[in-house]
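Asker: Show me the folded form of this:
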Amino acid sequence: MRYLLSILFFLCLLPLYGDPGGGLIISLEVQGLRRTRLKVVEYYTERFMGTPASEFDENAVFAAIKDTGVLEPASAKLVPIEEGEEGEGNFILHITVEEKWTIFLIPSASVFQSGSDFNLQLSDGNMFGIRDYAEINGGFDSNNGWFGGIYYHHKSNAKIIPGWSAAVNYNKWDRQDWNKAGAVRYRSYTTSQLKANIGLDFSFTDYLSTSVSFFYLDITNTNVWFLNDDYPVVEKASLIGIKPSVGIGRSKWDGFLHSGQSAWANMTYHIAIEGSNFISIGIGGNYEDSIIPGFCYILRSQASWTSGNAPSTTALFEGGPGGVNIMGGYTGRNHVSFTAGLEKYIFANKVGTMTIQGSYQCAYSNGLIDKHDFNHGPSMGLLFYLRRFAAPALGMGAAYNVSTGFFNWGFRIGGSF
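Answerer: Modelled structure (predicted):
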């Protein structure tokens, strides 16, 4: 009986010991900020303010900090407001962070079965301490191509207030369009493209965002050759366009891997100055979640459709299906792709985290050259995420197209794979 009374007495006192109970999270303290402004963290942790302390989830806070792209979380805890102070009975969310290095002057190189490229990039992903992104880049590839551009994105750190972006880029390369089997060449030409773009983006909630961009595109083609009049290539095309888009998304952190769920849709209306008008529509989704901590499944899908336009300009806007790497240099007009895979944490140290990914990919494409074409095959890769840098440093992988026998492999250093 004496033991029973002792247990009952202890249970009565339990709420007094460390249980956040009925208090609310009402303020924020951040330790470790140097270059980054406090309002960046406030923007990403606003969702936790006013929530019951009993619902505090350290992993949810970690995911929010990782979403900034410029900070790495070290710890997150609730600190009770002392008796007699304003807000007594409630809690302060105290977060310790490490700032990532975001200023880069880096060469990056990639080698794939279909070719290679070299890029020199000067960028800052945390301009003025508010996550603004600025980049100047240039480089060349194995298709006798070279490219260069400048880009700036001011990211909003408040709901409703829009961010904005501006970009100008130019590229030139030799292009050849073959059928899926690589047995027949249908077109070849040297293309030069100049594009200027401005845009606005809005975040209405933590999970809903939208954007609109306006662009000018000028294309000049030389050394034009095509197999017959069914596959022509125009020598000149100029367009202006508008591209609205909408997206929803959220992220999670399981203690080892950063995963997320998202969906998006966009429409691009091309208005021809020289050439013909047409519309492109794209939709996509991504669902990643942990099976157990450090081991997650991945589901991804994309689809794109382009309305009819003059055959001579069709070639300029064909491409491969998004989200898969089993297709090589194949081009088409309309696409649907699906990927199902797994990602496994291998190890982590002070430098970064190594993971391995494996997936199976399927893609349907329809174009002037290959019509109603289906491809599928496996893909595997290794990724190394740097802890103190705002970009992966190393990636390598391989993919095999069961339908065609095409084997694609690649290695990249200095950027993401």
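Asker: For the helix or strand residue 97 falls within, name the packing helices and strands.
Answerer: Counting by DSSP states H and E, the element that carries residue 97 is strand 91-99. Using 3 or more Cβ pairs under 8 Å, 6 or more residues apart in numbering; DSSP states H and E, the elements in contact with strand 91-99 are strand 25-31, helix 38-45, helix 58-67, strand 71-80. Where C-beta positions appear, they are placed from N, C-alpha and C, glycine not excepted.
Asker: State the number of residues packed around residue 300.
Answerer: Here the neighbour count serves as a burial measure; for residue 300 (other Cβ atoms under 10 Å) it reads 20.
Asker: Just give the closest residue to it, not the sequence neighbours.
Answerer: Excluding its sequence neighbours, the residue lying closest to residue 300 (Cβ to Cβ, 6 or more residues apart in numbering) is residue 339, at 4.4 Å.
Asker: Sheet-wise, list the partners of the strand or helix carrying that neighbour with their directions.
Answerer: With secondary structure defined by DSSP H and E, residue 339 is part of strand 334-348. Using DSSP bridges, the strands paired with strand 334-348 in its sheet are strand 295-306 (antiparallel), strand 352-366 (antiparallel).
Asker: so residue 236 bridges to which residues?
Answerer: On the basis of DSSP bridges, residue 236 takes part in beta bridges with residue 220.
Asker: Which residue, neighbours along the chain excluded, lies closest to residue 347?
Answerer: Taking Cβ to Cβ, 6+ apart, and ignoring the residues beside it in sequence, residue 347 has residue 354 as its nearest neighbour in space, at 5.4 Å.
Asker: wait, doesn't that neighbour sit right on residue 346?
Answerer: Yes - with contact defined as Cβ atoms under 8 Å, residue 354 reaches residue 346; the gap is 4.4 Å.
Asker: about what we covered before: quick one, which of the helices and strands packed on strand 91-99 is nearest to residue 403?
Answerer: Of all the helices and strands packed on strand 91-99, it is helix 58-67 that lies closest to residue 403, at 37.5 Å by Cβ to Cβ.
Asker: Buried ones in that closest one, by neighbour count?
Answerer: Using 16 or more other Cβ atoms under 10 Å as the burial criterion, the residues of helix 58-67 that qualify are 60, 61, 62, 63, 64, 65, 66, 67.
Asker: cool, stretch 357-372 as well?
Answerer: If you call a residue buried by 16+ other Cβ under 10 Å, then stretch 357-372 has these buried ones: 357, 359, 361, 362, 363, 364, 365, 367, 368, 369, 370.
Asker: what stretches of the stretch 101-250 of the chain score poorly on pLDDT?
Answerer: Where the stretch 101-250 of the chain drops to pLDDT under 70, the residues are 109-115, 181.
Asker: mind running it again at 80?
Answerer: Low-confidence segments of the stretch 101-250 of the chain, defined by pLDDT under 80, are located at 106-117, 142-144, 159-160, 179-183.
Asker: Walk me through the domains of this protein.
Answerer: 20-99, 103-413 (automatic domain parsing).
Asker: Which helix or strand contains the nearest residue to residue 266 once chain neighbours are set aside?
Answerer: Counting by Cβ to Cβ, 6+ apart, residue 245 is the residue found nearest to residue 266 once chain neighbours are left out, at 3.5 Å. For residue 245, the enclosing helix or strand under DSSP H and E is strand 236-253.
Asker: who does that strand touch, helix- and strand-wise?
Answerer: When contacts are defined as 3+ Cβ pairs under 8 Å, 6+ apart, strand 236-253 packs onto helix 58-67, strand 208-226, strand 258-274, strand 278-292.
Asker: Of those, flag the one that's most buried.
Answerer: Neighbour counts (mean count of other Cβ atoms under 10 Å) averaged over each of the helices and strands packed on strand 236-253 peak at helix 58-67, with a mean of 20.
Asker: Distance from the chain centre to it, please.
Answerer: On the basis of Cα atoms, centre = their mean, to the nearest Å, the separation between the geometric centre of helix 58-67 and that of its chain is 17 Å.
Asker: Could you do stretch 143-151 as well?
Answerer: Between the mean C-alpha position of stretch 143-151 and that of its chain there is a distance of 21 Å (Cα atoms, centre = their mean).
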